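A.B. asks: Compute the structure for the input listed below.
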Amino acid sequence: MLEQGSRLPPNSINADAAAIDSGLIEIPVPAPTEAQANRAAVARATGVLALGNIASRVLGMAREVTLTNLFGASRATDAFYVAIIIPKTIYDLLIAGHVNSAIIPVLSEVAANDAATGEKELWRVVSILSTLITAILALLVVMLMIFAPSIVLLVSGGAGVDKQALATDLLRLTAPALIGLGLFSTFSGALYALRSFTLPALAGAIFNGMIVLSTVILAPPLTVMVTFDGAHAAWTAARPESGIYAAAFGWLIGATVQMLSQLPGLRGAKLRVSFNWRHPAVRRIARLYAPVMLSMLLDTVVRTFSYNLASQTGERSITYMNLATTLIQFPQGLVATAIGIAILPTLSRQALNDTPAFRETLGLGLRLAITLILPAAVGLFALATPIVMLIFEHGAFTGVDTGMTALALRLYLFGLPFAAIDLMLMYAFYARQDTLTPTWIGMFSLALYMVVAITLAPTAGVFSLMIADSAKHIIHAVIAGYMLIRRMGGLGDQRLIGAFVRTGVAAGLMGVVTAAVVPPLARIVGAATLINEIALVGMAGGISVAAYLALAWLFRVEELRWLWGLMRTRVGR
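C.D. replies: Numbering: from 1, shown residues only. From the prediction side, this is the model:
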């Protein structure tokens, strides 16, 4: 041992270096701070969820491509969308909102208790939730099957009789999927609370993949029809509308397999039938979710209004709206949902007694969302038409359909960055077990949505719904940000404005570059064939990404530098 200030003997530095290289002397590495550990955990979880979302969104695209290729923007496709939006709306209303607003925060708190009792109590609560959800949803499935014609009429009152009859039959096939969806949400909520993200992240890909497989395998072949007009004969090839039943079967199979995919993560869980709805954790979940349910009930009314209005603006309007929504959900799920779910369990634990750490985690989530969602929105806006053409303009989907879908997508994109920021803010409220404030904000924004849609509908048609949706997200994010920051006494030194400005400038310049290169690239690749469309989107997208990364580096967007450093560290291990 050398005392402080003593001199090293000759050649000791070289000897020590050799000893260190040989492993004889170990240099102690400082343990990471809690904030650094949380950042790394959030980044890892975000990566897992992002990859899962990529797979889910890609297969979701494949689902839409399968439908549009087999059936086009047709009456059968619209009927299928009506048949799935009804159980999906009920699922969102009764179950899906529970997961992020109540189930994950409460189960995270339960799991954070003493190691000897926390997990045991967690499974007790999960058993009660599974039992109650199954019983409630089974009753609802029976009601949906009995009253299917009236429910379809309510949702698609502007549709023809034939479409309503087809949608009714399809609804009776898709309704039982509610039970599988409900159990999946409960199981995945438990895994999220334990900060186990892999199986829930893959579930969406499994669900969409089963729909694609079922539709492709079960759909009937093309039927050739020959017509005569005197001396000439003409023939057309199309699939019968009844082929859309294959997609409905896929929806049911996908929900079941998705639920079963969570079971490996529940190994060791002692689940049993229990109707003990008086359990304190279950009652707290119900109390937290009551305001959310009110907000989602209003959202259901507005969604029904939207589909009804869309059905009155054109035969294919619902299809355009759904395809644009599918595209917008790709960056939303990849960025906002992945980051939000990754930070929610940590936020829920920090909200109990650690406000500085809570601010740090929320600030990290907001900065990451801003850094990634702005370039995604700008790039998707610039490449809207080539992307829609590549993905959907095949088979029965025409160039006119491409133009309508691309315009709908661009109008949705104005609200996308605000929707991503808003999701982080909502999760912060939920982590603090405050669901009432988001409900009041949601009610106001939904009222604004309806006013804008009704006002613009006579002139903008179905596009009034996209404009109204963007306005809703903007006002919701602004109000939520103001109220959360005020209640928390500020967010501390999170550098949000700087991140927004630097990222916004880099994304904006990237958009200019992308818009400038698309026309000459289109001329270079030539005619609109599948290979040429892939080449156009690939080259333009590659230039877009490269431009953003270069500009982000130039403007010192810190979050990208941090993510790059973290990835290099992980790869180097």
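A.B. asks: Following element in sequence after the lowest-mean-pLDDT helix or strand in the chain, please.
C.D. replies: Taking mean pLDDT, DSSP states H and E as the measure, helix 12-22 is the helix or strand of the chain with the lowest mean score, a mean of 45. Using DSSP states H and E, the next helix or strand after helix 12-22 towards the C-terminus is helix 34-71.
A.B. asks: From what I see, L530 and H394 are in contact.
C.D. replies: Yes: judged on C-beta atoms under 8 Å, L530 makes contact with H394 at a distance of 7.4 Å. For every residue, glycine as well, the C-beta is placed using N, CA and C.
A.B. asks: In terms of neighbours, single out the busier of those two.
C.D. replies: Per other C-beta atoms under 10 Å, whichever of L530 and H394 has more neighbours is H394, with 14 against 10.
A.B. asks: who's in contact with that one?
C.D. replies: 65, 68-69, 530 (C-beta atoms under 8 Å, 6 or more residues apart in numbering).
A.B. asks: so which of those comes closest to L407?
C.D. replies: Comparing the contacts of H394 against L407 with C-beta to C-beta picks out T68 as the nearest, at 16.9 Å.
A.B. asks: Counting neighbours, what do you get for the closest one?
C.D. replies: Taking other C-beta under 10 Å as the neighbour definition, T68 ends up with a count of 23.
A.B. asks: For it, which non-adjacent residue is spatially closest?
C.D. replies: Residue nearest to T68 in three dimensions, not counting chain neighbours: F397, with 4.5 Å by C-beta to C-beta, 6 or more residues apart in numbering.
A.B. asks: Correct me if wrong, but that neighbour is in a helix.
C.D. replies: No: assigned with DSSP: H, G, I helix; E, B strand; the rest coil, F397 falls outside any helix and is coil.
A.B. asks: That one contacts T66, correct?
C.D. replies: No: here F397 lies out of contact with T66, judged by C-beta under 8 Å, at a distance of 11.5 Å.
A.B. asks: Looking at these two, which is more packed in?
C.D. replies: The neighbour comparison of F397 against T66 (other C-beta under 10 Å) goes to F397, with 27 against 22.
A.B. asks: ok, now how distant is the more buried one from L191?
C.D. replies: Taking C-beta to C-beta, to the nearest Å as the measure, F397 falls 38 Å from L191.
A.B. asks: what sits against I524?
C.D. replies: Going by C-beta under 8 Å, 6+ apart, the list of residues near I524 is empty.
A.B. asks: To which secondary structure element is it assigned?
C.D. replies: With elements delineated by DSSP H and E, I524 resides in helix 496-525, which encompasses its position.
A.B. asks: What is the burial count for V141?
C.D. replies: The number of residues packed near V141 is 18, by other C-beta under 10 Å.
A.B. asks: Correct me if wrong: it contacts L178.
C.D. replies: Yes: V141 is in contact with L178 according to C-beta under 8 Å; the separation is 5.6 Å.
A.B. asks: Tell me, please, where in the stretch 101-250 of the chain the pLDDT is lower than the cut-off.
C.D. replies: Applying pLDDT under 70 to the predicted model, the residue ranges of the stretch 101-250 of the chain that meet it are 114-118, 157-160, 221-240.
A.B. asks: where along it do the strands fall?
C.D. replies: With DSSP state E, counting those that start in this stretch as the definition, the stretch 101-250 of the chain shows strands at residue ranges 223-228, 233-238.
A.B. asks: now swap in the stretch 351-500 of the chain and tell me
C.D. replies: With DSSP E, counting those that start in this stretch applied, the stretch 351-500 of the chain shows no strands anywhere along its length.
A.B. asks: so where's it shaky on pLDDT?
C.D. replies: Using pLDDT under 70 as the threshold, the predicted model of the stretch 351-500 of the chain has low-confidence ranges 352-354, 395-396.
A.B. asks: I'd like to know how far the residue nearest to T68 sits from T325.
C.D. replies: Using C-beta to C-beta, one obtains 16 Å as the distance from F397 to T325.
A.B. asks: What of I543?
C.D. replies: Separation of I543 from T325 (C-beta to C-beta): 27 Å.
A.B. asks: Report the distance from stretch 445-454 to the chain centre.
C.D. replies: Averaging C-alpha positions (C-alpha atoms, centre = their mean, to the nearest Å) puts stretch 445-454 23 Å from its chain's average.
A.B. asks: Repeat that for stretch 54-61.
C.D. replies: Its chain's C-alpha centre lies 10 Å from the corresponding centre of stretch 54-61 when counted by C-alpha atoms, centre = their mean.
A.B. asks: quick one: contacts of that stretch?
C.D. replies: When contacts are defined by C-beta under 8 Å, 6+ apart, stretch 54-61 is touched by residues 202-205, 207-209, 212, 326-327, 329-330, 333-334, 391.
A.B. asks: let's see 7 Å
C.D. replies: Stretch 54-61 has contacts (C-beta atoms under 7 Å, 6 or more residues apart in numbering) with 202, 204-205, 208-209, 212, 326, 329-330, 333-334, 391.
A.B. asks: Tell me the one of those residues nearest T313?
C.D. replies: For T313, the closest of the contacts of stretch 54-61 turns out to be T326, at 19.1 Å, with distances computed as C-beta to C-beta.
A.B. asks: Just to check, the closest one is in contact with E64?
C.D. replies: Yes: distance between T326 and E64: 5.2 Å, which falls inside the contact criterion (C-beta atoms under 7 Å).
A.B. asks: Neighbour count for the two, which is higher?
C.D. replies: Regarding T326 and E64, a neighbour count based on other C-beta under 10 Å identifies E64 as having more, with 22 against 19.
A.B. asks: wait, what's in contact with that one?
C.D. replies: Residues touching E64, when contacts are defined by C-beta under 7 Å, 6+ apart, comprise 323, 326.
A.B. asks: And the nearest residue to R303 once chain neighbours are set aside, how far from F147?
C.D. replies: Sequence neighbours aside, T89 is the residue nearest to R303 in space, at 5.9 Å (criterion: C-beta to C-beta, 6+ apart). Here the distance between T89 and F147 works out to 15 Å (C-beta to C-beta).
A.B. asks: now the spatially most central residue of the chain: how far from L59?
C.D. replies: For the chain, G333 is the residue whose C-alpha lies nearest the centre (C-alpha atoms, centre = their mean; 2.9 Å). Relative to L59, G333 is positioned 12 Å away (criterion: C-beta to C-beta).
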